[in-house]
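> Mind looking at a prediction? Sequence and model below.
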Amino acid sequence: MTPEIPYGRHWLDEEEIAEVSRTLRSDWITQGPRIEEFERRVASSRGARFGVAFSNGTAALHAACSAAGVRAGDEVITSPLTFVGTANAAVYQGAKPVFADIDPASLNLDPWEVRGRLTSKTKAILPVHFAGLPADMEALSKIAREKGLYVIEDACHALGAEWLDSNGAWQKTGNCSHSDMVVFSFHPVKQITTGEGGMVLTNREELANRLRTFRHHGLRRPEGEIAAAEPWRYEMDELGHNYRITDFQCALGLKQMEKLDRFLERRRRIADLYAQAFKGRDLTPQGFDRERFRHAWHLYVVQLGAGTGPAGRRAVYEALHQSGIGVNVHYLPVHLHPFYRRIFSYRPGDYPAAEGYYERTLTLPLFPKMTDEQVQRVIQSVCRVLETEGASHAAR
């Protein structure tokens, strides 16, 4: 049964529908002008020079790994606490994802753990801005510079996030101030949506060119004498993919970008309401310094009390679903998926901080179209279920 209040939901109005319809009636529905317009809009809003749009966020991550030169035999250090697409992007290139454990408070990559995973095979660091909270980019960038590594930010949760650097300047996630590339996702539950879609931002023109070639089968137009003799000709110089996005998706994205600030403001308001309501409860939210970070709040995750355990978490999860509250769990740590255990020999216990988080976490509903009444219903339901389960646990 679909819950009455899901953990996430898109918000489209008639103006988005009209803009998509207008594009569908135009001469271009793919490989046309709306794509470049959307790329410029997102890049300029984040302070980056170039944006290259893709069919989805995972395709964008794959393209970024390819553009960074990740190949068979390389290693890419990333977080175990993420959607599988992050690590899969390295696997697609024949590389090995090497996980580093998380900081238990922020739930992002711990830079000290990253240092301990470096080898001569390390090609890139791929931090994840989990739930919309920026990772420690200054520390991670410092490690990468020391070792000559690429930095690819998985910001699929974090469109609109910002962080204060050590010089007192606010950095927008996406401006590539401390990385080579930043990846966003436009899935329906993200800050804006194109249905499916993703984008890589970069300040380096050569990377932007590689990204564009990669999303279009590896094809390029020749130059010089060949172009003069055969102006219609295109050549596949290297293996690429068909990872293109459509014009009508980008038309949707352009309208959504007009509402990004409003969407972010509403997400932050809901997160504040949760934080106030659950203060003093046996729930641990994601920890961060509000003076240094502006969270984008893709997800609102909490950890149940230390004594809850998997069985208690399941009871809370099921009770809330029965109440129509669509809580979720994000995520099973990547190294525990059967594929990663089988192919790379990862085992339970390898990353205790990520695993400890997973055993007790729940994701509460949070999306801009959520009404104050729905927020209060979630709060009341969570408090009621926690009290009931707590009493039941004490009785046992």
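Sure thing, it's come through.
> Show me the domain layout of this structure.
14-257, 260-395 (automatic domain parsing).
> mean confidence score for the longest one?
In this case it means domain 14-257. When pLDDT is averaged over domain 14-257, the result is 97.
> how long is that domain end to end?
In domain 14-257, first residue to last residue: 15 Å (C-alpha to C-alpha, to the nearest Å).
> picking that back up, single out the most deeply packed of the domains of the chain.
Among the domains of the chain, the stretch with the highest mean neighbour count (mean count of other C-beta atoms under 10 Å) is domain 14-257, at a mean of 20. Backbone N, C-alpha and C define where each C-beta goes, glycine included.
> what distance separates that one from the centre of its chain?
10 Å (C-alpha atoms, centre = their mean, to the nearest Å).
> go on, stretch 369-386?
25 Å.
> Can you name the residues in contact with it?
Here stretch 369-386 makes contact (C-beta atoms under 8 Å, 6 or more residues apart in numbering) with 5, 9, 11, 266, 270, 273-274, 277-278, 281-283, 304, 316, 319-320, 323, 325, 364-365.
> Contact partners for residue 184?
Residue 184 makes contact with 42, 57, 60, 155-156, 158-159, 174, 190, 198-199, 201, according to C-beta under 8 Å, 6+ apart.
> those helices in the stretch 201-350 of the chain, which residues are they?
For the stretch 201-350 of the chain, the helices defined by DSSP state H, counting those that start in this stretch cover 205-215, 224-229, 247-257, 260-277, 309-322, 338-344.
> correction: the stretch 51-200 of the chain
Using DSSP H, counting those that start in this stretch, helices in the stretch 51-200 of the chain cover 57-67, 84-92, 111-117, 137-147.
> Show me what the second one is packed up against.
The one in question is helix 84-92. helix 57-67, strand 75-78, strand 96-99, strand 122-126 (3 or more C-beta pairs under 8 Å, 6 or more residues apart in numbering; DSSP states H and E).
> so of the contacts of residue 184, which ones are in strands?
Judged by DSSP state E, those include 198-199, 201 as members of strands.
> ok, of these, which one's closest to residue 88?
residue 198 (13.5 Å; C-beta to C-beta).
> that older thread, can you say which of the helices of the stretch 51-200 of the chain is nearest to residue 127?
Among those, the nearest to residue 127 by C-beta to C-beta is helix 137-147 (5.4 Å).
> and the angle from the closest one to strand 122-126?
170 degrees (axes from the mean of the first three to the mean of the last three C-alpha atoms, to 10 degrees).
> Touching helix 137-147 from outside, list them.
109, 111, 114-115, 118, 122, 124-125, 127, 149-151, 153, 163, 165-166, 171, 177-179.
> 10 Å instead, please
Applying C-beta atoms under 10 Å, 6 or more residues apart in numbering, the contact partners of helix 137-147 are 77, 108-112, 114-115, 118-120, 122-127, 129, 136, 149-153, 163, 165-167, 171, 173, 177-180, 182.
> Span of stretch 62-75 from start to end?
Start-to-end span of stretch 62-75 (C-alpha to C-alpha) is 14 Å.
> Check stretch 6-24 too.
One end of stretch 6-24 sits 30 Å from the other (C-alpha to C-alpha).
> One more: stretch 76-93?
10 Å.
> Please apply the same query to stretch 116-126.
So stretch 116-126: terminal residues 15 Å apart, C-alpha to C-alpha.
> Stretch 192-203 too?
Stretch 192-203 has an end-to-end distance of 22 Å (criterion: C-alpha to C-alpha).
> can you check stretch 224-243 too?
Stretch 224-243 has an end-to-end distance of 28 Å (C-alpha to C-alpha).
> Let me know how buried the nearest residue to residue 324 once chain neighbours are set aside is, in neighbour terms.
The shortest distance from residue 324 to any non-neighbouring residue, by C-beta to C-beta, 6 or more residues apart in numbering, is to residue 4 (3.7 Å). The number of residues packed near residue 4 is 12, by other C-beta atoms under 10 Å.
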